Every structure is written in structure tokens, then in C-alpha cells.
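Chemist: Let me see the structure of the following:
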Amino acid sequence: MDSLVHADIFFFITSIAVLLGGLLLCVLIIYGILIFRDIRSISQNVKRETELLAMDIDAAREHIKEHGMQFTSIFGFLKDIFSKKRKKH
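Modeler: All right, here's what the predicted structure looks like:
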């Protein structure tokens, strides 16, 4: 009879531990999904900014092909880049 009480206590404690473990696993999965969504959003932003940077480099290359390497054109290009950054903030 005493061993039956011990078995019941063991199964009760084990059931609670399994339920708590399952609940903890669900919470971890939800946080993992949220983290992966943030990572996807960040990677999309990086991709978009990389494309914009590539377009700026293409524009600079075309400008240099058309006008050559003039100090004023380089200064103007840098001025345009830095003025765009200040307008974003």
C-alpha cells in the first residue's frame, strides 16, 4: 500500500513537470518566432539599403564617366550624400 502512494506521488509530480516543461517549450517557441521575424525584417532593411548604395555607386560611376575626375564634382557628390543622410534623421 505504501508503494502505491509513492507511485501516485511520483506520477503527480511527473505530470506537473511535463506540463511545466511543455509550457516553457511553447513560450520558447513563441519567442523564437518573434526573434526570427525581427531578423527577417532587419535582413530586408539591409537588402534595401544595399540596393540603394549600389544605385549611388552606379550614379557616381556614370557621373565620373561623363564629367571625368574633377575635384568639384567629387565634392558635390559627397555633399549630396551627406545632405541626404541628414534629411533622413
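Chemist: which ones are touching the most centrally placed residue in the chain?
Modeler: With distances taken as Cα atoms, centre = their mean, Ile39 lies nearest the centre of the chain, 2.6 Å away. For Ile39, no contacting residues are found, by Cβ atoms under 8 Å, 6 or more residues apart in numbering. Bear in mind the C-beta positions are built from the backbone N, C-alpha and C, glycine included.
Chemist: what is the mean pLDDT for the strand or helix carrying it?
Modeler: Under the criterion of DSSP states H and E, Ile39 resides in helix 2-67. Averaged across helix 2-67, pLDDT comes to 92.
Chemist: Quick check: Leu28 vs Arg37, distance?
Modeler: Per Cβ to Cβ, to the nearest Å, Leu28 is found 15 Å from Arg37.
Chemist: For Arg48, see how far away Ile42 is.
Modeler: Taking Cβ to Cβ, one finds Ile42 at 11 Å from Arg48.
Chemist: for Ile13, same thing?
Modeler: Distance from Ile13 to Arg48, by Cβ to Cβ: 53 Å.
Chemist: try Phe82
Modeler: 20 Å.
Chemist: Kindly report the same for Asp56.
Modeler: In terms of Cβ to Cβ, Asp56 sits 13 Å off from Arg48.
Chemist: got it, and Ile33?
Modeler: Counting by Cβ to Cβ - Ile33 and Arg48 are separated by 23 Å.
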